[in-house]
Structures are given as structure tokens and as C-alpha cells.
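Student: Using only what follows, build the 3D model:
(one chain, ligands or ions: 1)
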Amino acid sequence: MKPFLRMFILLFLGASLFSCHDSGGKHETADTLTLSIMKSPFGFVDNKEVFLYTLTNQNDITVKITNYGGIITQIWTPDKDGNPGDIVLGYDSLQEYLDNNPYFGAIVGRYANRIAKGTFTLDGKTHTLATNDGNNHLHGGEKGFDKVVWDSKEIQDSSYVGLDLTYLSKDGEEGYPGNLSVKVTYLLTNNDELKTVITATTDQACPVNLCNHTYFNLSKADTNVLGHILSIVAAQLTNVDNEMIPTSDLPPVAGTPMDFNTPHQIGTRIHHVKGGYDHNYVLDKTEKDLSLAATLSDPKSGRKVKIYTTQPGIQFYSGNFLDGTIKGKEEKVYKKHYGLCLETQHYPDSPNHSKFPNTILRPGEEYREITVYKFGIMN
Ligand code: GLA
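Tutor: The predicted model follows:
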């Protein structure tokens, strides 16, 4: 090899090594050169420092996550022409999340979705929770897990970068019994997956239902999501009353506008669904395995997201309450249906429905649920 060529290669390799971000003092090996995690200050809440973490993989997928509410603030993926774009709704600053956040990107809990009349009886004792959604309890109450500062720790391996977020929800917080110790691990892999692993343990029996509430718009919120194509692997859903509380029936979706077994554009039948989609689908599964729950794609940008989960249900919410009053990132106005959520979770109000899969966590047990978002391009 010519000396100048060898020198050039050595210089290039050296530059690549030093271009990696510092990741908590850990030195990257050759395998991890393309993965990075960067920590920046994002502000203060409750006298605690809040950070914004930037995770990047070898294919230039970038995910930004803050330890306030465990919120995913940005996900950048390439479109069909290779142009990167941010595919989730949110804000640029922490203050805007504090001022008004309809759960953009957040971890919701201790019980995601609704608990009727904010009450449930467990082992003979009746518990009362906040009623923050009309007569009912929604997404953990007045100050749920979306509004607290989590402890955070960066993690890195040869095939992923990630973040461990931990939070201790004290006995009696928002009316829930028991000290609940929660951990959310977000991992961005070189296979273009964002993996979330949520675990929890308790010292008293209590209901637990945790999920991420990201609003997707694969067209970067330049237009609404009615042109997105969706499929959901579910033959049934939980029937709800006019307050969106389950009646216990699990009717089949076949032959109704709720059926997403065959992929089709969300806008095709949404006008037949009063208020838009905001329903829990009963995923077709017989055991608690990590299986495909939904596929979302956008013919305009060519982007696709596949969602796999161990959870028994998925709430499909078509951004019905967005009304153009929120100005999000880059001054974009979020009008009705400008984002959609596919919240992997247990069925709503399970503590009051003995026939629904169990959501009561007891001392000595571990709550553990995994959801994977796999990013790609349509065929
Ligand atoms: C969930 C609920 C919706 C709504 C949104 C947030 O998806 O099911 O009814 O509360 O959260 O606005």
C-alpha cells in the first residue's frame, strides 16, 4: 500500500474513533462506533434536573428522550428517498410539556387508560383515585408517571444504546396502594428497533398498567394521518359505553368499521365511528409472547412502523381531541387527526372486570412488558 494512502486510512480511522460521543465514561469498541448517546440539559422540574438524551444508530435513526415523564420527544427516520424526518408529535422545550401535554410521547401510569368512577375494590378494600376525565380516572390521575422526573442512566452495548429510567411511586400516590418501583428501559438497536422494557415490583397488591403514549405522524405532521395505512392483529375489541368505559363484552370487529385485519387507510371508514377511533383492541394471542400487534405505513413518505408487544391489548387513538390549539415542534399546528397513538397495554378498567386479563401486581411478583417499534420503508 502506498505510504500516503496508509496515512490517509490511519487518519480516517483515528478521526472516527474520536468522533464518538462520551457515553458515561464508557469507551466504545469498534462494534459500537456507529451507536451513540448524548446527554444535554433540558431544564428543572420539582427542583430536579431534567435531561434530553439523543440516541443514534448506525442507520442514522435518532431518538430523543427526556427523563421528565419518560417522554420520547423526537424520532427521526428516513423516508423513501432517504430524507430524515421527525415522525412523532411533541414540543421543542420542556416548558411547553409542563404547560400542556396531552401525553405526547410519555409513559402513562400507574394505570394507563380509564378506571370507572376512579374506584376499584381489591382484597375487600375499596380504593379511591382522582377522577380527572369526567367521572372517571385516566392515565394515572392528576400527576401520573407522565409528569414526574425519573432517575436516568445511560446504557450501551455492541448492538444498542439506551436509557434506564427508574421511579418509585410511593404508597398512596394518586390514591394507589403500595410502593411501586418502576423501571423503563428504552433501547435503540442497529436493527432500527426502539425497544421498551417496562418492569415493576410492589410491596402491596395494586393495579399496574403502563404504556408509552407516543403520537405518530409518518408525514412529519405536515398533514393529518387519515392517509396512513393501518393493520391491527385483533379479531375483537373491548366494547365501551358513552364514557369510554368497558361493558365487559368483547365483540368481533369483522364486518364493522373497527376491523383493521386487512390493512387500509384510516380515513376510509373513520366517519362511521362516532368521535373517531379511541378503542382498545384485544390482540389475537393465546400466550404472553412478543408478537406483531400493528403495522402503520404512510404511502406519502414511504415510512413504516411495525409494533410488537407482549401486552394483551392496544388502544388505537386517532388524535380526535387535537383541535388546532396546540402549536408543537417547529411551529407546526396539530389539528384533528394530526397524530395517532397505538398504546400497547392491558384493557381499560380491568380492576373492575374479573373476566379481563389480570392487572393486579402482588408483592414477590414482577410486572414485565416489552414493546418493540421496528422502523422501515414500505415495499
Ligand atoms: C388515550 C385515551 C384518549 C385520550 C388520549 C389523550 O388515548 O384513550 O381518550 O384521553 O389518551 O388525549
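
Student: and Asn191, what does it touch?
Tutor: 159, 374 (Cβ atoms under 8 Å, 6 or more residues apart in numbering). The way it works is simple: take the backbone N, C-alpha and C, and place the C-beta from them, glycine included.

Student: go with 10 Å
Tutor: Going by Cβ atoms under 10 Å, 6 or more residues apart in numbering, Asn191 touches 57-59, 159-160, 372, 374-376.

Student: Around the ligand, pick out the residues from the stretch 251-379 of the chain.
Tutor: Contacts of the stretch 251-379 of the chain with the ligand, taken as Cβ under 6 Å from any ligand atom, map to 278, 315, 317, 321, 341, 343.

Student: Can you tell me which of those residues is nearest Phe42?
Tutor: Closest approach between these and Phe42, by Cβ to Cβ: Cys341, at 22.9 Å.

Student: where in this protein is pLDDT low?
Tutor: Applying pLDDT under 70 to the chain picks out residues 1-33.

Student: next structured bit after the helix or strand hosting Ile65?
Tutor: Per DSSP states H and E: Ile65 is located in strand 62-66. Note on strand 62-66: by DSSP H and E, the next helix or strand toward the C-terminus is strand 72-78.

Student: What is the burial count for the residue in the chain positioned nearest to the ligand?
Tutor: Taking Cβ to the nearest ligand atom, the ligand has its nearest neighbour within the chain at Tyr317, 3.4 Å off. Look at Tyr317: counted by other Cβ atoms under 10 Å, it has 20 neighbours.

Student: Hmm, it is touching His213, no?
Tutor: Yes. Shown here, Tyr317 and His213 form a contact pair, counting by Cβ atoms under 10 Å, at 8.6 Å.

Student: Mutual contacts of the two, please.
Tutor: 103, 341-343.

Student: Could you identify the most distant pair in those residues?
Tutor: So, the shared contacts of Tyr317 and His213 by Cβ to Cβ: farthest apart are Tyr103 and Leu342, at 13.2 Å.

Student: Now do the shared contacts for those two.
Tutor: Between them, Tyr103 and Leu342 share these contacting residues under Cβ under 10 Å, 6+ apart: 211-215, 317.

Student: got JSON lines for the residues you listed, with distance to Lys117 too?
Tutor: Listed next are these as JSON lines, based on distance: Cβ to Cβ, whole Å:
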{"residue": "Cys211", "distance to Lys117": "22"}
{"residue": "Asn212", "distance to Lys117": "26"}
{"residue": "His213", "distance to Lys117": "22"}
{"residue": "Thr214", "distance to Lys117": "28"}
{"residue": "Tyr215", "distance to Lys117": "28"}
{"residue": "Tyr317", "distance to Lys117": "22"}
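
Student: top of the residues you listed by neighbour count?
Tutor: Cys211 (28 neighbours).

Student: residues touching it, list them.
Tutor: With Cβ under 10 Å, 6+ apart, Cys211 has these contacts: 103, 106-109, 112-113, 139, 196, 198, 309, 311, 313-315, 341-346, 369, 371.

Student: 6 Å - rerun?
Tutor: Contacts for Cys211 (Cβ atoms under 6 Å, 6 or more residues apart in numbering) come out as 108, 112, 343-345.
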